[in-house]
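Peer 1: Sharing a model that was predicted from the sequence below.
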Amino acid sequence: MKGTKGWVVLAVLSAIVLSGGIARAAEPPIKIGAILSVTGPASFLGAPEAKTLEMLVAETNKKGGVMGRQVQLIVKDSGASPEKAFSFAKQLIDEDKVFAIIGPSTSGETMKIKGVAEAGKTILLSCAAAEAIVNPVAKWVFKTPQKDSDAVIKIFQQMKKMKISKIGVLSGNDGFGNAGKGQIEKLAPEYGITIAANEVYDAKASDLTAEVTKIKAANVQAIINWSVVPAQAIVIKNARQIGLKIPIFQSHGFGNIKYVEAAGAAAEGVMFPAGRLLVADVLPKNNPQRELLLNYKKNYMNFCMGEECSTFGGHAYDAYTILVKAIENAKSTDKEAVRTAIENLKGFVGTGGIFNFSPTDHNGLNVDAFEMLTVKKGKFAILK
């Protein structure tokens, strides 16, 4: 009788080992938090980011998860509020015990929760662009959008080609706008650019005629409009309405076709730096990003019933796939090991460029990650 019981136990153990899936099914999921501006003034950023993560997590779990564990996504809608982002970050780390956080969508929110991620020793992969997020480097904080200083350099390089030396600057009064304004002011002298007018506007503004009128009075050769909220489209419309026909340059925060639609015909000819996602279909076949970009565009449109993807959704795509790759490289779900794996990730092809992280660079991209794009007949096109 004693021997029979032993055989039964051995048979059960053998079945569990052979099946594999039964043992893995008992393992807890990998919890990934996301703080995104799904609604509110930055919904053009957060909504596509949330949809992208939902799509990717569904794909991952369908394939068996990461290292045999399912992924559980916990999305918190901050509505672009730094205070809400702070509260959600504490909740995700202290209560939900998440493995990592993706987001927030905006720079102001990210700066608000950097300290929370550091104190909680939790990987933070921001979808916001301000360089201050990763400069100076914080051990647990990374970001996937290209650097705002590189975006400014790309714009100034184009201005030099066009022999533009006197400009007007408009910027939003949020974290992204303030950071970009600082980089423009810092880098302008290096490129022989004089800022003749410099206006800051409220992110919630509905009419910016007064601001663009001041720019017009300064008799500038071009405008840089640095914003990531819907008000940036109002600047373009108001500028054209008062008869300003000079070139308008936008930041990389213009990479959603909905901004073009909001500006209407006034957006024609606007120039801005962006990742290659928006022009993936015209990239050379040997471009290392082309296949990934086309697949993401196709999969996103299928998942979102025909909605076009944006560079902002791409930032979430990169954050998630970088995290998964780091877990696989570390062969572990130990936070410290995965953090180190991100820091040592080289040649990683993403939507925003080819990432090469290091202990001194938690963004991993340079100016070559950008293309100069323009709006042509209501669509994005490579600037010739």
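Peer 2: Cool, the structure landed.

Peer 1: how far away is the closest residue to residue 202 other than its chain neighbours from residue 227?
Peer 2: Counting by Cβ to Cβ, 6 or more residues apart in numbering, residue 173 is the residue found nearest to residue 202 once chain neighbours are left out, at 5.7 Å. The way it works is simple: take the backbone N, C-alpha and C, and place the C-beta from them, glycine included. The gap separating residue 173 from residue 227 is 9 Å, by Cβ to Cβ, to the nearest Å.

Peer 1: next one: residue 176
Peer 2: Going from residue 176 to residue 227 by Cβ to Cβ gives 7 Å.

Peer 1: which of those two has more neighbours?
Peer 2: When neighbours are counted by other Cβ atoms under 10 Å, residue 176 and residue 227 differ, and residue 176 comes out ahead with 29 against 25.

Peer 1: And residue 224, its phi and psi?
Peer 2: Backbone torsions for residue 224, taken as degrees, to the nearest 10, come to phi -110, psi 120.

Peer 1: coming back round to it: so what sits against both of residue 173 and residue 227?
Peer 2: Counting by Cβ atoms under 8 Å, 6 or more residues apart in numbering, the contacts common to residue 173 and residue 227 are 201, 203.

Peer 1: What is the burial count for residue 279?
Peer 2: Neighbours around residue 279, by other Cβ under 10 Å: 17.

Peer 1: how about it, what does it touch?
Peer 2: 371, 373, 380-382.

Peer 1: Write the ChimeraX selection for whichever of those residues are buried.
Peer 2: A single ChimeraX command is used to select the members of these judged buried by 16 or more other Cβ atoms under 10 Å:
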select :371,373,380
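
Peer 1: Could you list which of the contacts of residue 279 belong to helices?
Peer 2: Applying DSSP state H to the contacts of residue 279, no entry is found in helices.

Peer 1: Tell me the one of the contacts of residue 279 nearest residue 215?
Peer 2: Among those, residue 373 lies closest to residue 215 (Cβ to Cβ), at 22.6 Å.

Peer 1: and that closest one, what are its bridge partners?
Peer 2: As for beta bridges, residue 373 partners with residue 272, residue 382 under DSSP bridges.

Peer 1: going forward can the numbers begin at 41, since that is how I track them
Peer 2: Sure thing, new numbering starts at 41, so read that last one as residue 413.

Peer 1: Would you check how far apart it and residue 290 are?
Peer 2: For residue 413 relative to residue 290 (Cβ to Cβ), the value is 9 Å.

Peer 1: any residues in contact with both of these two?
Peer 2: Taking Cβ under 8 Å, 6+ apart as the contact rule, residue 413 and residue 290 both touch 311-312.

Peer 1: Going along the chain, name the helices of the stretch 241-390 of the chain.
Peer 2: Along the stretch 241-390 of the chain, the segments classed as helices by DSSP state H, counting those that start in this stretch run 249-257, 271-281, 297-303, 330-343, 351-370, 375-383.
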